[in-house]
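Trainee: Starting from these lines, generate the structure:
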Amino acid sequence: MVVSNLAMACLGYETTRASRLHLVLVVLVFCISSEIISSFAELQKFEHAPKDDGSISFLVVGDWGRRGFYNQSKVALQMGWIGEKLDIDFVISTGDNFYGDGLKGVSDPAFEDSFKNIYTAKSLQKQWYSVLGNHDYRGNTEAQLSPVLRKIDSRWLCLRSFILNAADIADFFFVDTTPFVTKYITDEKHLYDWRAISPRGTYIANLVKDLEEALRKSSAKWKIVIGHHAIRSAGHHGDTPELVRHLLPILKAHNVDMYMNGHDHCLQHISSLDSPIQYLTSGAGSKAWRGDIKRYNSQAMKFFHDGQGFMSLNLTRSDAHIVFYDVLGRVLHTWNLSKQLHSAV
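Mentor: Next up, the predicted model:
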């Protein structure tokens, strides 16, 4: 009766047992409705200004949170060097930020042990934009999304799904992919934090609707979608059928240029054979899977590396320069994309 007593105190009157019960029901319905509305609201939008020369540079890393082990610290060191060289504007994390079962709460030391005390280079003291991975869902997801973590380290920004706009150069669409994957719902070996996801069907339908509307409205030169799970991959997990079914048609319909993900602990670049989409996997921030690669169409597969590393992107309104690096900072693969600019008559 804590809720009803608080409500009565605020309203300042006595009630009967029946009216108290009615008030409790009203409050509960309001809370549930508010949760649904906040979960399915239009995607929150953030702004990040480009450099004075009209360019954006950033790093992409995923599947990293292992307290420095499995070469996480070595990858972080090289990210610092490359970040300084490129004068990066921000960092993107593709999820599985904290192994093995996310964060226990906002005071979990894993946040500092795996993030704050690892990515210490001056060049990495920029905003980090992050999505949740399936391992993050095994912990307290609300903790990872909490503003409390931003007070511990102001770089941290993690939401389920959101948009990052960089003027007219690029729009980045961050998508919460874990709820799409059916096997996690039926997984009896692990507990997942689905508190804000139920009802799952409604959550997914609204997310897809919001993403499609946001893509339709975007006038940016580059449209980049980020999720934890791969749409196309030759790695351990391979393609994600649920994303191929629910997300890929939307990405194709709205001329998305790149889809970036983690989940598979490797680095890879796959080119779509029936659309402009470049599938870029950066999930090698710590533990990697040597020799774990599936056969893939040789025309589509441009690059695969079964070790640790990360990637960088430099964007202007007309060009995109993509680079993959290994754990020692060596360049493994580069790719250039161009867009035709139309001047006003």
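Trainee: Please report the distance of P241 from S272.
Mentor: Going from P241 to S272 by Cβ to Cβ, to the nearest Å gives 17 Å. Where you see a C-beta, it was placed from the backbone N, CA and C, and this is true even at glycine.
Trainee: what do you get for Y119?
Mentor: 32 Å.
Trainee: and if you look at L280?
Mentor: Taking Cβ to Cβ, one finds L280 at 12 Å from S272.
Trainee: Compare those two and say which one has the larger neighbour count.
Mentor: Just comparing L280 and S272: by other Cβ atoms under 10 Å the higher neighbour count belongs to L280, 25 against 17.
Trainee: My read is that the more buried one contacts V60, right?
Mentor: Yes - using Cβ atoms under 8 Å, L280 is in contact with V60, at 7.4 Å.
Trainee: what is in contact with those two at once?
Mentor: Counting by Cβ atoms under 8 Å, 6 or more residues apart in numbering, the shared contacts of L280 and V60 are M260, M311.
Trainee: Tell me where the model's unsure across the stretch 101-250 of the chain.
Mentor: Within the stretch 101-250 of the chain, not a single segment meets pLDDT under 70.
Trainee: just the strands in the stretch 1-150 of the chain please.
Mentor: For the stretch 1-150 of the chain, the strands defined by DSSP state E, counting those that start in this stretch cover 44-47, 56-61, 90-93, 127-130.
Trainee: Make a markdown table out of those and add distance to R195 and mean neighbour count.
Mentor: Listed next are the strands of the stretch 1-150 of the chain as a markdown table, based on distance: least, Cβ to Cβ, whole Å; neighbours: other Cβ atoms under 10 Å:
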| stretch | distance to R195 | mean neighbour count |
| --- | --- | --- |
| strand 44-47 | 19 | 12 |
| strand 56-61 | 27 | 25 |
| strand 90-93 | 22 | 24 |
| strand 127-130 | 19 | 22 |
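Trainee: Out of those, which gets nearest to G329?
Mentor: strand 56-61 (11.8 Å; Cβ to Cβ).
Trainee: how about the CA coordinates for the closest one, as CSV?
Mentor: Provided in CSV are the C-alpha atoms of strand 56-61 (Å, rounded to 0.1, in the frame of the first residue of the first chain):
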residue,chain,number,x,y,z
ILE,A,56,33.9,13.7,-39.4
SER,A,57,36.3,11.0,-38.1
PHE,A,58,35.5,8.3,-35.6
LEU,A,59,36.4,4.8,-34.4
VAL,A,60,34.2,1.7,-34.2
VAL,A,61,34.8,-1.1,-31.7
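Trainee: That strand - contacts with which helices or strands?
Mentor: When contacts are defined as 3 or more Cβ pairs under 8 Å, 6 or more residues apart in numbering; DSSP states H and E, strand 56-61 sits against helix 72-86, strand 90-93, strand 278-282, strand 309-315.
Trainee: Strand 278-282 and that one, what's the angle between them?
Mentor: Relative orientation of strand 56-61 versus strand 278-282 (axes from the mean of the first three to the mean of the last three Cα atoms, to 10 degrees): 60 degrees.
Trainee: Quick check: can you name the pairing partners of strand 56-61 and their directions?
Mentor: Paired strands of strand 56-61, with direction, are strand 90-93 (parallel), strand 309-315 (antiparallel) (DSSP bridges).
Trainee: Can you list the neighbours in contact with the shortest one?
Mentor: Yep, that's strand 90-93 we're talking about. 48, 58-62, 64, 79, 83, 119, 124, 126-131, 155, 158, 172, 226, 260, 262.
Trainee: The longest one too?
Mentor: The set of residues external to strand 309-315 that reach it, using Cβ under 8 Å, 6+ apart, is 55-61, 75, 78-79, 82, 86, 88, 166, 169-170, 222, 267, 280, 282, 284-285, 320-327, 332.
Trainee: Could you pull out the helices in the chain for me?
Mentor: Remark: helices assigned in the chain by DSSP state H are 2-11, 17-39, 72-86, 110-111, 141-145, 147-152, 182-185, 200-217, 241-246, 248-253.
Trainee: export the helices and strands packed on strand 56-61 to JSON lines and tack on mean pLDDT and distance to K183?
Mentor: Below are the helices and strands packed on strand 56-61 laid out as JSON lines (pLDDT from 0 to 100; distance: least, Cβ to Cβ, whole Å):
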{"stretch": "helix 72-86", "mean pLDDT": "98", "distance to K183": "26"}
{"stretch": "strand 90-93", "mean pLDDT": "98", "distance to K183": "23"}
{"stretch": "strand 278-282", "mean pLDDT": "98", "distance to K183": "19"}
{"stretch": "strand 309-315", "mean pLDDT": "98", "distance to K183": "27"}
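Trainee: Let me have the ones you listed in a markdown table, adding distance to S114 as columns.
Mentor: Formatted as a markdown table, the helices and strands packed on strand 56-61 follow (distance: least, Cβ to Cβ, whole Å):
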| stretch | distance to S114 |
| --- | --- |
| helix 72-86 | 8 |
| strand 90-93 | 11 |
| strand 278-282 | 17 |
| strand 309-315 | 16 |
